[in-house]
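Engineer: give me coordinates for this.
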Amino acid sequence: MLVALSIDCSRAPRSHRNPVEEPRYEAQDGDADAQYELGVRIAGSPASAPDYAQAADWFRRAADQGHAGAQAALGVMYHRGQGLARSDVDALKWLTLAAAQPSPERDAYAVWKTYVAREMSAADIAEAERQAHSWSRAPQSDGVVQRQ
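Structural biologist: Numbers count the residues shown, from 1 in each chain. Reported below is the predicted structural model:
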């Protein structure tokens, strides 16, 4: 417990940290933008081989909060099998959610969605759309985000 307290004491106060320079603390505190940024940095790390599984974990945290960029990133990672088991149903689900949100990248998400769906069966497309439709980011009473 003393170790945990000393780690927290070493953090700069929230108002003195720049999440663009170091998003890890905000990401750990649940900030979806910081979680997405951290996922991007890990997936695109030029210093070493990207850790796609770790990047996917951060993208999932942000996607579960409704972050369109993270949802699209998860969709692409599912389609490519990067850090996650390859699944076009999951890919299309996340891309459908991302493309449904107003954002400057919305058209790009829709292109990816079309690209992924082009070789899927009608049944798999219907399943992905069902999952996207039933997905909810509303917190439960215990604060846990529901996923379908």
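
Engineer: ok, the most centrally placed residue in the chain - contacts?
Structural biologist: With distances taken as C-alpha atoms, centre = their mean, Phe59 lies nearest the centre of the chain, 2.4 Å away. Applying C-beta atoms under 8 Å, 6 or more residues apart in numbering, we find Phe59 in contact with Gln35, Tyr36, Gly39, Ala70, Ala73, Leu74, Met77. (Glycine included, C-beta is placed from N, CA and C.)

Engineer: helix or strand: which one has the fourth one?
Structural biologist: Looking back up the chat, that one is Ala70. helix 68-80 (DSSP states H and E).

Engineer: what's that helix in contact with?
Structural biologist: Contacts for helix 68-80 (C-beta under 8 Å, 6+ apart): 32, 35-36, 39-40, 43, 52, 55-56, 58-63, 82-88, 90-95, 97-99, 101, 103, 105-106, 108-109, 112-113, 116.
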